[in-house]
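>>> Test case, fold it:
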Amino acid sequence: MSTGSPTTSPSTPPTPPDPGPSTAEGTARPARLIHSEATTEIPVHLLFRDEAAPSPVPLRPAVVGRRRGTGEQPRLRRPAPAPPRPLPRVDPELAERPGRVLPGAAGVAAGLAGAAGCAVNSWWAGAVPPLAVQALGLPAYQGAGLGPVQWAAYAAAGALALFGFGGLARGRTGRAWVLGLFGRYRGSVRRTGLLWVNPLLLRRRVDVRLRHWRGEPLPAADGNGVPLNVVTLVVWRVRDTARAVLGVEDHETYLRSCVEAALARVPVEQPGAGPGPADLAGEKLTRLVAADAAPVGLEVFSVRPVRVEYAPEVAAAVHRRRLAVLDARQRAGVLGAVVDSVEDTVTRLTARGLVQLDDYERKMLVKDLTVAFCAGRGDIVP
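A predicted model of the protein is given here:
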């Protein structure tokens, strides 16, 4: 009795699964478990790095520009570099201008007039001793006494004498005064000779002559970054007295700071490197220091390194290296002279027919002559 379901003959073997594509050698390649797998090459030098990876540098987000519908790759727009910061400027209203002074004769005349007024007032009040009156040949006078009028005359005459003699000053060549009244700039005085300056004004003396400053050793570096100690010679002068005195606390300290900052930016070479690098470094130092010192009224003419030494932490190593180089040069020179002497000796012996040498005998003769010549020179050949 047959049913509706299909039947399978027991003699028919089951169909084996498809082994997939085979290779040329006849072995089947295993099917990929991940269809999106890819092979990435790892650089070998990354597997042997001992040092830690550097910390990531924070970057500003770049502006991405892309034209839609064109298929172009996005292009990164780098941000525009920030403009350099300008140097700090001193108050533009603070500029040197001539101060008001009078000739010294005016102060002397005012002082003498005040002293004479005090003497006449004393005679008028009767405060002059009779002996002094007789000695001066003045007429006898009993005096009106010391009243309010006499005291007022004393005050006026004394003030005139004090202002006249107290304002006398002597101006010297190459020196100047910066005048101020209650914290306000009142002008500068560059005149010479006997002058009269208001005694209420504060005077600050400034040296305006051409000066040179030989500083202490300052840290620097050469073109390879080797630390150095450099002594510089700076030739400068005060051009604007108002800015030099009132623009900074101490213009000499400010100039030293400018020189130190310039040495940190300009590489300085050793004197043995030749005149070119040294002159170039001096020109760069002069230009940088002059630009930094100009806003405070200082005029810099020259900044030259006069002594360059290695820093203490590298001086010993550099000295040993120099000695090794000199020793190598000496050994090379001695060896060259010995080789020339041995060659000349062997050539003469064989050319004149004094000896007949084969290769082995020639080698032994060269060896003996080399040892003899080196021993005669007092050098030890390793």
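>>> Any idea which helix or strand in this structure has the lowest mean pLDDT?
When the helices and strands of the chain are scored by mean pLDDT, DSSP states H and E, strand 63-65 comes last with a mean of 48.
>>> Quick one: low-confidence residue ranges for this structure.
For the chain, residues meeting the criterion pLDDT under 70 lie at 1-93, 132-144, 271-278, 315, 319, 376-382.
>>> Number of residues surrounding residue 211?
If you count neighbours by other C-beta atoms under 10 Å, residue 211 ends up with 14. (C-beta placed from N, C-alpha, C; glycine too.)
>>> secondary structure element for residue 289?
Using DSSP states H and E, residue 289 sits in helix 275-293.
>>> Show me which positions of the helix or strand following that helix end up buried.
Note on helix 275-293: by DSSP H and E, the next helix or strand toward the C-terminus is strand 298-310. Across strand 298-310, burial judged by 16 or more other C-beta atoms under 10 Å covers 298, 300, 302-305, 308, 310.
>>> Repeat that for stretch 204-219.
Going by 16+ other C-beta under 10 Å, stretch 204-219 has these buried residues: 206, 208, 215, 218.
>>> coming back round to it: what's in contact with the helix holding residue 289?
For helix 275-293, contacts defined as C-beta atoms under 8 Å, 6 or more residues apart in numbering pick out 87, 232, 234, 236, 254-255, 258-259, 261-263, 265-269, 271, 299-305.
>>> and the protein, what are its domains?
The record's domain parsing of the chain by automatic domain parsing lists 102-207, 211-310, 315-377.
>>> So which of these has the densest surroundings on average?
Most buried of those, by mean neighbour count (mean count of other C-beta atoms under 10 Å): domain 211-310, with a mean of 17.
>>> Pull up the distance across it, start to finish.
28 Å (C-alpha to C-alpha, to the nearest Å).
>>> do stretch 287-305 as well
Terminal residues of stretch 287-305 are spaced 14 Å apart (C-alpha to C-alpha).
>>> try stretch 214-225
Terminal residues of stretch 214-225 lie 24 Å apart, using C-alpha to C-alpha.
>>> Assign the residue nearest to residue 122 when sequence neighbours are not counted to helix, strand or coil.
Computed as C-beta to C-beta, 6 or more residues apart in numbering, the closest residue to residue 122 that is not its neighbour in sequence is residue 128, at 5.2 Å. Put simply, residue 128 is coil when judged by DSSP: H, G, I helix; E, B strand; the rest coil.
>>> Need phi/psi at residue 128.
Main-chain torsions, residue 128, degrees, to the nearest 10: phi -90, psi 130.
>>> Give the pairing partners of the helix or strand residue 237 falls within; include direction for each.
If you go by DSSP H and E, residue 237 is part of strand 227-238. Strand pairing for strand 227-238, using DSSP bridges, gives strand 211-214 (antiparallel), strand 218-221 (antiparallel), strand 298-310 (antiparallel).
>>> possible to save these as TSV with distance to residue 247?
Listed next are those as TSV, based on distance: least, C-beta to C-beta, whole Å:
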stretch	distance to residue 247
strand 211-214	18
strand 218-221	24
strand 298-310	10
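>>> Out of those strands, the one nearest residue 246 is which?
Among those, the nearest to residue 246 by C-beta to C-beta is strand 298-310 (13.3 Å).
>>> Could you identify the helix or strand that succeeds that closest one?
helix 312-351.
>>> Mind checking the strands paired with strand 227-238 for the one nearest to residue 97?
Using C-beta to C-beta, the nearest of the strands paired with strand 227-238 to residue 97 is strand 298-310, at 18.0 Å.
>>> what angle sits between the closest one and helix 275-293?
Angle between the axes of strand 298-310 and helix 275-293 is 140 degrees (criterion: axes from the mean of the first three to the mean of the last three C-alpha atoms, to 10 degrees).
>>> one step back: tell me which of the buried residues of stretch 204-219 fall in strands.
Counting by DSSP state E, the buried residues of stretch 204-219 place 206, 218 in strands.
>>> Sounds good, over and out.
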